[in-house]
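S.K.: Pasting a predicted model and its sequence here:
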Amino acid sequence: MKEFENLRPGITVKHPCPDKSAYGKAQAADLFEENGLWGLKNADGTTLYPPEYLFIGKCIDNILFIKPNWHYTKLWPSSSTESGYLGEDERPYIVNGKAGFKTGGKIIIPAEYDYLSVCFGSEEGRVFYAVKDGRGMYLDETGKEVLTRVRCFEGEKAQHSPFWLTTDDFDYFTTINYVGKPCEQNPNVVKIDGAWVELDRYCKEEILQMLIDPAADLALTEKNLQLLCNPFSYEYSFYFANAKGKNPLRQCLQQLNQMHAFDNSWYYIVKIWQAPGEHLPAKELRQFERDLRWVDKLFQDEYSTGEEVMLGDPLFAVGHSDRLQPGEVRMLMITHYYERSFPPHFEYEWVEKRETLPLCQLKDEIPWLRNELDTTIQEPYREEVFQDQLLKCISGMKYYPEQSWEEAREALEFFLELGSPVRHSLHSFLKQANRYAKQKKPNAQAVRFFLNAALWAIKKGDIVNEVRNGKSSMDLASALLATQNSFHCFNLPIPRLIDEICMALILTGAKTYHLLKKERNANTDYFKELEYLRHEGTSDKVMPGLTIIR
C-alpha cells in the first residue's frame, strides 16, 4: 500500500455564522432538482439553497455541498463551514443525485448512496463513509462494509434524538489491531493516522464473551458491563494490542497510543491475556493503570494537551490463552463515552447555575431542572439523568461570602436526600480549605466554611483514604495543622476545628499517603492480592479497577 495522501488540500474553516439553526434548517429541508443540479427547499416550498449543486449529501456530522467545478462546502452542526476543492482521486461518482465512486474509470462503489466521502486510506486502501436510507456505514473499495456506525434509533430522526445508541443496538463491532507495517496479502490492513492497523469485525456476543469468559482467571461479570450496555453509553471503539518481551504492558499502551485510542474517550474496559501459567507482577499492573490514567502525560507529543487530565476509571479483567507464547501479552481495550445528559443548551445552563450559584440558591433551581427533564428526556430515563446532574452538587460546592455555613449545611442535606453522593467530597473540601489558608492574606471565613463542610462529610460517611495527586485526606489535614497558628488572631475556632477533623480522621481509619503506599506495596503477588474476591459474599471472578495510590 502507498503512504497516505493529504485528502483535503486547501481547507478553510469559517467561524460559526450568526444563524445557529442553519444546520438544522438544512437537515430538515428537502432535496429538489432543476436542470441536473440540486438545491434544498423548506416544507413550505421556500428555496433554502438554490439548485446550483452537483450533489448535496446529508449525514449526522455534516451536510456536503459539491458544485460542478468540484469546489465543496461542509456545513457542521455548530453552523460553522468548511470549504475546499476535491481532487480527481476524491471526487464521488454522481448519478441522479446519488453518490458512488470510480477508480480509473471503473465503478468500485455504485452510485446509490445519499452521502459518500473518503475517510482515510491511500489509492490502494481507502475507506469511505457512506449513508444510505438514513444508515451510516464505512465501506472498502469493493463496497463491503468494514466498520459500523449507526447513531439513531430505528424510525427516529437522529438530529431529534436526545440519546446515542447502546451496544444492544449494534450487531457487529469493528476492532483495530496494531500491526506496525503494511501487509500486501491482507486487504484489511490500512494505515490510519500514521499507524498500520488491521480492521476486523466481531459480533457483540463474541466481544462480551471475551470479557466474561468463565474460564478466565479473572473476568468481568454482567454487572460490571452494565456501564457498557447502558442506554447512555455511545461512541464505542475497540482496539487490540499485542506485545512480547520486557514490559509488554507499556508496549501495548504505546501501540494503542499510535492508534489514537486515547484521544476522545472517557471510559475504558481492558482485558489482558497472558501465556498459560504466567502472572504479571502486581507492581507492573499498578504501573499500567497509572500510565493508563495519565496517558496524556506518558506520551507527550504534538497532539498532547499538556494537561494532566485523569481518564475515567477503567475496568480490568485478566485471562490466559494457549495461543500466546511465554512472555507475550494480548490486550483488548474498549473505549466509550458515557454521558447521562439532556440537550446541550439545557445542560450548559444547568452547569452554569451549578458553578455560579451558592448551594443554598442552587436548590431553588431544582424545579426548573425537573421541568426541563420532563419536557426533553424520554420518560424511562428521566430519573437517571436527574441523578447524573446532581453528581457534583456536593463535591463541587464553592464558597460565597453571602452564604452562611448553616444555609450551606441545609443545602447539603437537601442535595444528599435527593441523591447527590457525598463520595469524594471530603478530599475536595480539605483541598479548598488549604487553598484559602495558603493565600498571602488567608481567608479565615472561607477556611472555617470548608472545615465545617469536611466535618459534615466525615459524619456522613465519606471516603477518608482517598488519594489524589499523592495526597490523602490525612495529608491535607496535617498541612492545615501547620497553618493553624495563623488563625488565632481572627477570633475564630479554626484551630479547634482542625484538631477535631484530625481526630475524626484518625478514629475512622484515615492514613497518610506514605503509610497507604507502604501497606499497598506489602502485597507483591497479584493473585494473592485479589484472593478476597473469591470469598463468600463477593462477586466471583471479578477484578475491579485497582485502587491506585499516586
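M.R.: Sure, I can see it. Numbering: from 1, shown residues only.

S.K.: Could you give the number of residues near the nearest residue to residue 188 once chain neighbours are set aside?
M.R.: Setting aside the residues directly before and after it, residue 188 is nearest to residue 199 in space (Cβ to Cβ, 6 or more residues apart in numbering), at 4.7 Å. For the C-beta atoms, the positions are set from N, CA and C on the backbone; glycine is no exception. Taking other Cβ atoms under 10 Å as the criterion, the count of residues near residue 199 is 19.

S.K.: any idea how far residue 127 is from residue 199?
M.R.: For residue 199, the distance to residue 127 equals 8 Å [Cβ to Cβ, to the nearest Å].

S.K.: picking that back up, report the mean per-residue pLDDT for the helix or strand containing the residue nearest to residue 188.
M.R.: Using DSSP states H and E, the element containing residue 199 is strand 195-203. Strand 195-203 carries an average pLDDT of 77.

S.K.: Now it: buried residues?
M.R.: 195, 196, 197, 198, 199, 201, 202 (16 or more other Cβ atoms under 10 Å).

S.K.: And for stretch 128-147?
M.R.: 128-131, 134, 136-141, 143, 146-147.

S.K.: Ends of stretch 51-64, what's the gap?
M.R.: Stretch 51-64 has its terminal residues 14 Å apart, counting by Cα to Cα, to the nearest Å.

S.K.: picking up where we left off before, strands - which of the buried residues of stretch 128-147 land there?
M.R.: Mapping the buried residues of stretch 128-147 onto strands (DSSP state E) picks out 128, 129, 130, 131, 136, 137, 138, 139, 146, 147.

S.K.: now the buried residues of strand 195-203 in TSV, with distance to residue 87?
M.R.: Supplementary listing: the buried residues of strand 195-203 in TSV, determined by distance: Cβ to Cβ, whole Å:
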residue	distance to residue 87
195	24
196	24
197	25
198	28
199	25
201	30
202	35
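
S.K.: now, which of the residues you listed sits nearest residue 447?
M.R.: residue 195 (50.5 Å; Cβ to Cβ).

S.K.: tell me the contacts of the closest one?
M.R.: Applying Cβ atoms under 8 Å, 6 or more residues apart in numbering, we find residue 195 in contact with 178, 180, 258, 259, 260.

S.K.: which residues touch the second one?
M.R.: The contact partners of residue 180, by Cβ under 8 Å, 6+ apart, come to 195, 196, 255.

S.K.: for the stretch 201-350 of the chain, what spans make up the strands?
M.R.: For the stretch 201-350 of the chain, the strands defined by DSSP state E, counting those that start in this stretch cover 233-244, 267-274, 315-320, 328-338.

S.K.: Mind putting the ones you listed into TSV with mean neighbour count and distance to residue 462?
M.R.: Shown next, in TSV, are the strands of the stretch 201-350 of the chain (neighbours: other Cβ atoms under 10 Å; distance: least, Cβ to Cβ, whole Å):
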stretch	mean neighbour count	distance to residue 462
strand 233-244	20	28
strand 267-274	22	24
strand 315-320	20	23
strand 328-338	21	23
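
S.K.: can you put those in JSON lines and add distance to residue 420 and mean pLDDT?
M.R.: Below are the strands of the stretch 201-350 of the chain laid out as JSON lines (distance: least, Cβ to Cβ, whole Å; pLDDT from 0 to 100):
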{"stretch": "strand 233-244", "distance to residue 420": "22", "mean pLDDT": "84"}
{"stretch": "strand 267-274", "distance to residue 420": "21", "mean pLDDT": "87"}
{"stretch": "strand 315-320", "distance to residue 420": "24", "mean pLDDT": "83"}
{"stretch": "strand 328-338", "distance to residue 420": "18", "mean pLDDT": "87"}
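
S.K.: so which of the ones you listed gets nearest residue 464?
M.R.: Comparing those by their distance to residue 464 (Cβ to Cβ), the top pick is strand 315-320, with 24.3 Å.

S.K.: which other residues reach that closest one?
M.R.: So strand 315-320 is contacted by 211, 213, 215-220, 224, 227, 268-278, 280, 285, 289, 543-546 (Cβ under 8 Å, 6+ apart).

S.K.: out of these, which are buried?
M.R.: In the contacts of strand 315-320, the ones that pass as buried (16+ other Cβ under 10 Å) are 211, 213, 216-220, 224, 227, 268-275, 285, 289, 543, 545-546.

S.K.: Give the other helices and strands that the helix or strand hosting residue 24 contacts.
M.R.: According to DSSP H and E, residue 24 maps onto helix 22-28. For helix 22-28, the packing partners by 3 or more Cβ pairs under 8 Å, 6 or more residues apart in numbering; DSSP states H and E come out as strand 47-53, strand 63-66, strand 71-75.

S.K.: any residues touching stretch 93-101, and which ones?
M.R.: Residues outside stretch 93-101 that contact it (Cβ under 8 Å, 6+ apart): 31, 33, 38, 54-57, 66, 92, 102, 107-116, 128, 130, 141.

S.K.: what's the answer for stretch 372-384, then?
M.R.: 162, 163, 231, 232, 340, 342, 343, 346, 350, 385, 386.

S.K.: Can you select the buried ones from the residues you listed in ChimeraX?
M.R.: This is the ChimeraX syntax for the buried subset of the contacts of stretch 372-384, where burial follows 16+ other Cβ under 10 Å:
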select :163,231,232,340,342,346,350,385,386
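
S.K.: Would you mind listing the two of the contacts of stretch 372-384 that lie farthest apart?
M.R.: Pairwise over the contacts of stretch 372-384, using Cβ to Cβ, the maximum falls at 231 and 350, 20.1 Å.

S.K.: returning to what we had before: any of the contacts of stretch 93-101 buried? List them.
M.R.: 31, 38, 54-57, 66, 92, 108-109, 111, 113-116, 128, 130, 141.

S.K.: Name the strands paired with the strand holding residue 199 and say parallel or antiparallel.
M.R.: Counting by DSSP bridges, the strands paired with strand 195-203 are strand 172-178 (antiparallel), strand 189-192 (antiparallel).

S.K.: returning to that earlier point: from the chain's centre, how far out does the helix holding residue 24 sit?
M.R.: The chain centre lies 27 Å from the centre of helix 22-28; the measure is Cα atoms, centre = their mean, to the nearest Å.

S.K.: what's the next secondary structure element after that helix?
M.R.: That would be, after helix 22-28 and using DSSP H and E, strand 30-34.

S.K.: same for the helix or strand where residue 456 lies, what does it pack against?
M.R.: Element membership for residue 456 (DSSP H and E) is helix 444-459. Judged by 3+ Cβ pairs under 8 Å, 6+ apart, the packing partners of helix 444-459 are helix 405-418, helix 425-437, helix 494-507.

S.K.: want to throw these into JSON lines with mean neighbour count, mean pLDDT and distance to residue 480?
M.R.: Compiled in JSON lines, these are given as follows (neighbours: other Cβ atoms under 10 Å; pLDDT from 0 to 100; distance: least, Cβ to Cβ, whole Å):
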{"stretch": "helix 405-418", "mean neighbour count": "16", "mean pLDDT": "95", "distance to residue 480": "17"}
{"stretch": "helix 425-437", "mean neighbour count": "23", "mean pLDDT": "93", "distance to residue 480": "6"}
{"stretch": "helix 494-507", "mean neighbour count": "17", "mean pLDDT": "91", "distance to residue 480": "5"}
